[in-house]
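# Pasting a predicted model and its sequence here:
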Amino acid sequence: MISLWKKLALATAIVATPMAVATQAVAEGEKYVLVSHAPDSDSWWNTIKNGIALAGEQMGVEVEYRNPPTGDIADMARIIEQAAASAPDGIITTLADYDVLQQPIKNAIASGVDVIIMNTGSAEQASEVGALMYVGQPEYDAGKAAGERAKKDGVTSFLCVNHSIQQPTLVDRCQGFADGLGVELGNSMLDSGADPAEIKNKVQAYLSANPDTDAVLTLGPVSADPTMLALQDNGMAGDIYFGTFDLGEEIVKGIKDGVIEWGIDQQPFLQAYLPVVILTNYHRYGVLPGNNINSGPGFVTADGLEKIEQFAGEYR
């Protein structure tokens, strides 16, 4: 892995060096499109946007971000088709729903567009659709690692607040956590929806009906932020074991204040930045990493917040 980062850094440095061959390569003006499943309301994706913006600037390429405004997966499929029709050099896309998105991705590849899967989906699914590679976090494994960590801390029961239950990768997070604890998932996964007020009310209602719940697991800022408000209102903040996937400004504050035990960092910046660098070097020099790249998981606790706090919501 160390050699991979060195190679990527070297390739970036070569592009930045004022040599004739590098100048000629930059002048080619490659164009890439990143398509995500995220609705406009999900601020977590600002880090993704910043990642592609920085990579585009450093590599001298154009990178466009597209997404379905409401998070509708069928709409996302159409966006992938439209992106492919514009004949970019490459598409970077999430694979939030394999059944719906596999064919548009396969069609894009068949038309000659190189594709990298990022963030959602899996290495196996990326291979099945014919993508060059996968850059992201193995979600089930991340959930299981979190469950094993919680088990060591004495947790035996939990609530998993799922704000986008139609996404299999989010279900994988909840299932992995249950398996890490060694318990059945059963009714522990709450279909909360994405509306903050509804999430808050549903979390409070669940904890009121299930007072023996040891822990709460949220799957990102969309569910974590209103869950923190719910726990503050019912007096459980800082008392109930609370872990979350992903980082954000409020999550970082929660970790710092002792309300959240840990946040799982999948490093979305790398999920956006690296595919742009990889595609550019592939198209210019024919080089490609030999393996998929796991950008996470990493556990962030109150002991390691300095850099994360500095760049939360921007690059972390």
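Sure, I can see it. Numbering: from 1, shown residues only.

# quick one, helices of the chain?
2-16, 20-26, 46-59, 73-85, 98-110, 123-129, 139-152, 168-181, 196-209, 221-234, 249-257, 268-285, 306-311 (DSSP state H).

# Mind putting the ones you listed into a markdown table with distance to Ile293 and mean neighbour count?
Placement of C-beta: from N, CA and C, glycine included. Output for those, formatted as a markdown table (distance: least, CB to CB, whole Å; neighbours: other CB atoms under 10 Å):
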| stretch | distance to Ile293 | mean neighbour count |
| --- | --- | --- |
| helix 2-16 | 8 | 13 |
| helix 20-26 | 23 | 13 |
| helix 46-59 | 14 | 19 |
| helix 73-85 | 22 | 17 |
| helix 98-110 | 19 | 18 |
| helix 123-129 | 9 | 17 |
| helix 139-152 | 14 | 21 |
| helix 168-181 | 17 | 23 |
| helix 196-209 | 32 | 17 |
| helix 221-234 | 23 | 22 |
| helix 249-257 | 24 | 19 |
| helix 268-285 | 6 | 23 |
| helix 306-311 | 20 | 13 |
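
# Distance to Ser188 and mean pLDDT added to the ones you listed, as CSV?
Converted to CSV, these look like this (distance: least, CB to CB, whole Å; pLDDT from 0 to 100):
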stretch, distance to Ser188, mean pLDDT
helix 2-16, 38, 48
helix 20-26, 52, 37
helix 46-59, 29, 98
helix 73-85, 25, 99
helix 98-110, 24, 98
helix 123-129, 26, 98
helix 139-152, 11, 98
helix 168-181, 7, 97
helix 196-209, 9, 99
helix 221-234, 14, 98
helix 249-257, 21, 95
helix 268-285, 26, 99
helix 306-311, 28, 87
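
# which one of these lies closest to Ser295?
Closest approach to Ser295 among the helices of the chain (CB to CB): helix 268-285, 4.5 Å.

# Convert the C-alpha atoms of the closest one to PDB, please.
Backbone C-alpha positions of helix 268-285 (Å, rounded to 0.1, in the frame of the first residue of the first chain) are rendered in PDB as follows:
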ATOM      1  CA  PRO A 268     -14.600  10.300   1.700                       C
ATOM      2  CA  PHE A 269     -11.900  12.700   0.500                       C
ATOM      3  CA  LEU A 270      -9.900   9.800  -0.700                       C
ATOM      4  CA  GLN A 271     -12.900   8.200  -2.300                       C
ATOM      5  CA  ALA A 272     -13.300  11.300  -4.500                       C
ATOM      6  CA  TYR A 273      -9.700  12.400  -4.900                       C
ATOM      7  CA  LEU A 274      -8.000   9.100  -5.700                       C
ATOM      8  CA  PRO A 275     -10.300   8.000  -8.600                       C
ATOM      9  CA  VAL A 276      -9.600  11.300 -10.400                       C
ATOM     10  CA  VAL A 277      -5.800  10.800  -9.900                       C
ATOM     11  CA  ILE A 278      -6.000   7.200 -10.900                       C
ATOM     12  CA  LEU A 279      -8.100   7.800 -14.100                       C
ATOM     13  CA  THR A 280      -5.900  10.600 -15.200                       C
ATOM     14  CA  ASN A 281      -2.700   8.600 -14.800                       C
ATOM     15  CA  TYR A 282      -4.400   5.600 -16.500                       C
ATOM     16  CA  HIS A 283      -5.400   7.700 -19.500                       C
ATOM     17  CA  ARG A 284      -2.100   9.500 -19.800                       C
ATOM     18  CA  TYR A 285       0.400   6.800 -18.900                       C
END
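
# how near is Gly136 to Leu190?
Using CB to CB, to the nearest Å, Gly136 is found at 24 Å from Leu190.

# And these two? Which one has more around it.
Gly136 (28 against 22; other CB atoms under 10 Å).

# For that one, list the residues it contacts.
Taking CB atoms under 8 Å, 6 or more residues apart in numbering, we find Gly136 in contact with 117-121, 266, 271, 293-296.

# Any chance of JSON lines for those, columns distance to Pro196?
Shown next, in JSON lines, are the contacts of Gly136 (distance: CB to CB, whole Å):
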{"residue": "Ile117", "distance to Pro196": "30"}
{"residue": "Met118", "distance to Pro196": "26"}
{"residue": "Asn119", "distance to Pro196": "22"}
{"residue": "Thr120", "distance to Pro196": "22"}
{"residue": "Gly121", "distance to Pro196": "27"}
{"residue": "Gln266", "distance to Pro196": "22"}
{"residue": "Gln271", "distance to Pro196": "25"}
{"residue": "Ile293", "distance to Pro196": "33"}
{"residue": "Asn294", "distance to Pro196": "31"}
{"residue": "Ser295", "distance to Pro196": "27"}
{"residue": "Gly296", "distance to Pro196": "25"}
